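> Need coordinates for the below:
(2 chains)
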Protein chains: 2
Amino acid sequence: MASEKVLEYLQENRQLHLDQLCDFLRIASISSQTEHAADVQAAGRFVADELRDLGLAVETFDLGGHPLVYAQSEIRPDRKTLLFYGHYDVQPVDPLELWNHPPFEPVIENGVLYARGSSDDKGQLYAHFKAVEAYVRTGQDLPVNVKFIIEGEEECGGHSIYRFTEENPDKLACDTVVISDTTLYNETTPGICYSLKGLCFMEIRVNGPAMDLHSGSYGGTVRNPGNAVAAIVASLTDGDGRCLVPGFYDSVLELDQEERDGFAALGYTDEILRGETGAPGPWGEKGFTTLERMWARPTCDVNGLVSGYGGEGAKTIIPAKATAKVSMRLVPNQDPDAIAAAFREFVLAHAPAGVNVEVENLHNAAPVLVPRDSDMVKAGMAALEQGFGAKPVFIREGGSIPIVGTFQDCLKAPVLLLGYGLATDNIHSPNEKFHLENFRRGARTSAILLSEASR
Amino acid sequence: MASEKVLEYLQENRQLHLDQLCDFLRIASISSQTEHAADVQAAGRFVADELRDLGLAVETFDLGGHPLVYAQSEIRPDRKTLLFYGHYDVQPVDPLELWNHPPFEPVIENGVLYARGSSDDKGQLYAHFKAVEAYVRTGQDLPVNVKFIIEGEEECGGHSIYRFTEENPDKLACDTVVISDTTLYNETTPGICYSLKGLCFMEIRVNGPAMDLHSGSYGGTVRNPGNAVAAIVASLTDGDGRCLVPGFYDSVLELDQEERDGFAALGYTDEILRGETGAPGPWGEKGFTTLERMWARPTCDVNGLVSGYGGEGAKTIIPAKATAKVSMRLVPNQDPDAIAAAFREFVLAHAPAGVNVEVENLHNAAPVLVPRDSDMVKAGMAALEQGFGAKPVFIREGGSIPIVGTFQDCLKAPVLLLGYGLATDNIHSPNEKFHLENFRRGARTSAILLSEASR
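Below is the predicted model of the structure:
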């Protein structure tokens, strides 16, 4: 348990910390838009100044993209070391007209803070800053060494953090990487995410005639790329969504009984799924519950399908081409490169005669699995329970955080995925939000984690 | 044979007629664009004035869309009656940047006239006007009664002509309807088109979740409309393009040996198809030649396929919905309404669970078959042979001209499809053109037809 002084400091300075977070959120650090380049720089400086004020040694690295901010406390060999990762950049805001308030003018309504970046990831990151501050300002020794590596390219797919991690494993050396860029299980239940899905993103391009043809003049004489792409995509899965690419399931790590029991105990229902998605109903691979499919079964989804005329009414053409974007979400032990190769081979083998088919692997991310029985996970569970006043659960996540794989590979350190947001926080969407209670509890949890991790 | 005087008149006034046609072509009568409404009116007046100057009785009818122009010569019961149909409106011109000359400033290069509407349909229609003019100006009795019904909504799907035909069968009563809105077989071979395909245009809409979902968060839990639409479309045809909708081929009128021999004699080759389409190669239903499939076999083609994200790179979503536009080109004796019903039933029966599927019949057109042994067809063949100086052939057309079915139904008169354009005239595309020789030969053919039809 963190000292009473530390927790009292957080309690007493709630309003100040919230005001400071709002200053951080006012910076429109949209990393993917050139016109916001100065804002992204400003957000990086905000982070660096904040950590420097806490007495940490701060360095800023420019690897050609947006700056990486690195900071560390005094490193004492007798203490464990935690590396906190986060990002100070945010998603674009469009469609702007769907926001109830301007995205960079934070507003608080009914205990909820609305602003772009409030949950993803400025708010969650800032909870860690305040935890360290509580130790420093109350004159308490930090129980562990802390390092921060904060990037500004998470939302624009930049590669600075990857290169830096590969080139500086000693600088980032740590006992555990702590990342707060995931979510609680739900409003009342905190959780530790112990597995992320990987990703294999493919594009199938079907080319037929040199131009769109009149379907009366040439129907039945040349192969239609629209029909062809449908046949290819249809060949990828069966009626239950099982992927038919040979070998796809060969190395899938199956859930053990403890995991299945744990998922079942969470009480995720068809009604919850319908409420969250508006879909007619649950659907998918036989033999698994909805939560098992969501968190622990690989998937194969069309993300985009385009051919011919999509406007109102009729345009009777044989389209010149067709494109399908297809992504597979992978689970632990599937290898994205091997899956990409098998997918490519399968599609080309099923490519109909009369059209030219190309398959491109646009990008991959490795799946992640973290042991649930490590001391750090125990420390995280204890911190969450004290910080949120509720027993945490083990959860998985269907999304991907590609940097996690790089941290594991280069630093040989486990990763603790400690989320303070909610799945309903509208990240990447209009009206992004962060609950003030989750910010406050998150800062408490972070402070307690520093103490629990030192044991 | 038309009198020498008539043909001489056409020869001597070639330049004048070309200049007049260019005046007609300068009117930007794009019927589907509101900003060109006054131009469409002007083109209608041009037609009415022209026919009135020839001594015909002209009436203009406004049925709520663009005006219908009706004209008739003095009707003498001892003469046969020909009804000429055509349209004075034109297609939109975009993409404008692909035109070598402004579309409404006619330019002649190497014996070719470039302008929007030059082939479809002002130029072809104008040939008939000049034929009548040749009789009138040279003081020759017209060998037949002539009627004209010229519309301004052919390119915007208007219904005035349909309603007018249904409501005024007596006014339009005739021995034959003559339509020049098709093509020659090729540059050296004129032809009479004796069959048009019909059309059944369907839209399939697949609805899943209420909004696009993160494919990591919800992959494998709800059915993906993109995958679903691909499965539905793939179920429609086999690998050779044969439609799998039950009963689809039941009433198809098979080609007889004479037709197959006639098509074969035309010498259409795979190289011609590749040259025209740029497609990797011919493809389609087994047991039929390319020309047989093009002209006389029903087809089932995707015209548009849209779901999810089609832009550059990756966006990993489960799309909320998917749409497929599918049209079937029908051959004589297929019934579009029956086909639409069978299609709908088939798709709904193949609709996967977990998504909502709607099927809409957007529009239909009946296939057309004209007897090849009638006196009027013989007259047309004779006129073409004399007008073009080459033996004409029988051809079919894969496209549809829906008004033909209405003429046949309401007027109980056969239709003569006498084309003066070329398949390569870029109708509906940039750089639409009409060969001056075909305009000249067309006018001669029309003049001779009036005489041949009187026998």
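
> Now the residue nearest the centre of chain A: closest residue in space that isn't a chain neighbour?
Against the mean C-alpha coordinate of chain A, by CA atoms, centre = their mean, the closest residue is A:Ile401 at 4.5 Å. In this structure, A:Ile401 finds its nearest non-sequential neighbour in A:Leu196, 5.7 Å apart by CB to CB, 6 or more residues apart in numbering or on different chains. From N, CA and C alone the C-beta is placed, and that goes for glycine too.

> Just confirm that neighbour contacts A:Gln408, I think it does.
No: between A:Leu196 and A:Gln408 there is no contact under CB atoms under 8 Å: 10.8 Å.

> who has more neighbours, these two?
A:Leu196 (30 against 17; other CB atoms under 10 Å in any protein chain shown).

> Now that one, what are its backbone angles?
Main-chain dihedrals, A:Leu196, degrees, to the nearest 10: phi -120, psi 140.

> quick one, what contacts the residue nearest to the centre of chain A?
Residues in contact with A:Ile401, defined by CB atoms under 8 Å, 6 or more residues apart in numbering or on different chains, are A:Ile179, A:Asp181, A:Thr182, A:Leu196, A:Ala365, A:Val368, A:Leu417.

> ranges for the helices of chain A?
A:4-12, A:14-25, A:37-53, A:122-137, A:160-167, A:215-218, A:225-236, A:257-265, A:270-277, A:290-296, A:336-349, A:375-388, A:402-411, A:436-452 (DSSP state H).

> What's the separation between the nearest residue to A:Gly421 once chain neighbours are set aside and A:Ala131?
Closest residue in space to A:Gly421, ignoring its immediate chain neighbours: A:Ser119 at 4.1 Å, by CB to CB, 6+ apart. Taking CB to CB, to the nearest Å as the measure, A:Ser119 falls 18 Å from A:Ala131.

> Next: A:Ile150.
15 Å.

> go on, A:Ile339?
For A:Ile339, the distance to A:Ala131 equals 39 Å [CB to CB].

> nearest residue to the one residue in the stretch 251-400 of chain A that gets nearest to chain B other than its sequence neighbours?
Closest to chain B within the stretch 251-400 of chain A is A:Gly278: 2.5 Å, counting by CB to the nearest CB. Nearest residue to A:Gly278, sequence neighbours excluded (CB to CB, 6+ apart): B:Ala210, at 2.5 Å.

> how about the one you found, what does it touch?
So B:Ala210 contacts A:Thr277, A:Gly278, A:Ala279, B:Ala320 (CB under 8 Å, 6+ apart).

> still on that earlier bit, okay, the residue nearest to A:Ile401: pLDDT?
The model reports A:Leu196 with a pLDDT of 95.

> coming back round to it: can you add mean pLDDT and give the helices of chain A back as CSV?
Formatted as CSV, these follow (pLDDT from 0 to 100):
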stretch, mean pLDDT
helix A:4-12, 97
helix A:14-25, 98
helix A:37-53, 98
helix A:122-137, 98
helix A:160-167, 97
helix A:215-218, 91
helix A:225-236, 98
helix A:257-265, 97
helix A:270-277, 93
helix A:290-296, 97
helix A:336-349, 98
helix A:375-388, 96
helix A:402-411, 93
helix A:436-452, 97
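
> Just send those back as CSV, with distance to A:Ile192 too.
Formatted as CSV, the helices of chain A follow (distance: least, CB to CB, whole Å):
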stretch, distance to A:Ile192
helix A:4-12, 21
helix A:14-25, 24
helix A:37-53, 25
helix A:122-137, 14
helix A:160-167, 23
helix A:215-218, 56
helix A:225-236, 34
helix A:257-265, 11
helix A:270-277, 21
helix A:290-296, 13
helix A:336-349, 24
helix A:375-388, 5
helix A:402-411, 14
helix A:436-452, 11
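
> From the centre of chain A, give me the residue that's furthest out.
Ranking residues of chain A by C-alpha distance from their mean position (CA atoms, centre = their mean) puts A:Ser217 at the top, at 49.4 Å.

> Excluding sequence neighbours, find me the nearest residue to that residue.
Closest residue in space to A:Ser217, ignoring its immediate chain neighbours: B:Gly398 at 5.2 Å, by CB to CB, 6+ apart.

> surely the one you found meets A:Leu213?
No: taking contacts as CB under 8 Å, B:Gly398 lies outside contact range of A:Leu213: 10.2 Å.

> returning to what we had before: could you flag which of the contacts of B:Ala210 are buried?
A:Thr277, A:Ala279, B:Ala320 (16 or more other CB atoms under 10 Å in any protein chain shown).

> Make sure the second one is actually in contact with B:Lys321.
In other words, A:Ala279. No: the criterion here is CB under 8 Å, and A:Ala279 misses it with B:Lys321 at 11.2 Å.

> Which neighbours do those two have in common?
With contacts defined as CB under 8 Å, 6+ apart, the residues adjacent to both A:Ala279 and B:Lys321 are B:Gly208.

> quick check, stretch A:219-239 touching chain B?
Yes: counting by CB under 8 Å from any CB of the partner chain, chain B is contacted by stretch A:219-239 at A:219-224, A:226-227, A:229-231, A:233-237, A:239.

> Need the distance between the two termini of that stretch.
30 Å (CA to CA, to the nearest Å).

> list the buried ones in that stretch?
A:219-237.

> before we move on, the earlier item: now do the contacts for the residue nearest to A:Ile401.
So A:Leu196 contacts A:Pro367, A:Val368, A:Arg396, A:Glu397, A:Gly399, A:Ser400, A:Ile401, A:Val404, A:Leu417 (CB under 8 Å, 6+ apart).

> same thing but at 6 Å, please
Residues near A:Leu196 by CB atoms under 6 Å, 6 or more residues apart in numbering or on different chains: A:Val368, A:Glu397, A:Ser400, A:Ile401.

> for chain B, what are the nearby residues on the stretch 151-300 of chain A?
By CB under 6 Å from any CB of the partner chain, the residues of the stretch 151-300 of chain A that approach chain B are A:197, A:201, A:208-210, A:213, A:215-224, A:226-227, A:230-231, A:233-234, A:277-284, A:290, A:293-294, A:297, A:299.

> rewinding a little: so the residue farthest from the centre of chain A makes contact with B:Arg396?
No: using CB atoms under 6 Å, A:Ser217 is not in contact with B:Arg396; the gap is 11.1 Å.

> ok, and what's touching stretch A:117-128?
Taking CB under 6 Å, 6+ apart as the rule, stretch A:117-128 contacts A:21, A:24-25, A:84, A:86-87, A:90, A:180-181, A:420-421, A:425, A:427, A:432-434, A:439, A:442-443, A:446.

> try stretch A:49-60
A:Ala48, A:Pro67, A:Val69, A:Tyr70, A:Ala71, A:Gln72, A:Ser73, A:Phe129, A:Val132, A:Glu133, A:Val136.

> next one: it to chain centre, how far?
Offset of stretch A:49-60 from its chain centre (CA atoms, centre = their mean, to the nearest Å): 26 Å.

> in it, what's buried?
Residues A:Glu50, A:Leu51, A:Leu54, A:Leu56, A:Val58 are the ones in stretch A:49-60 that count as buried (16+ other CB under 10 Å).
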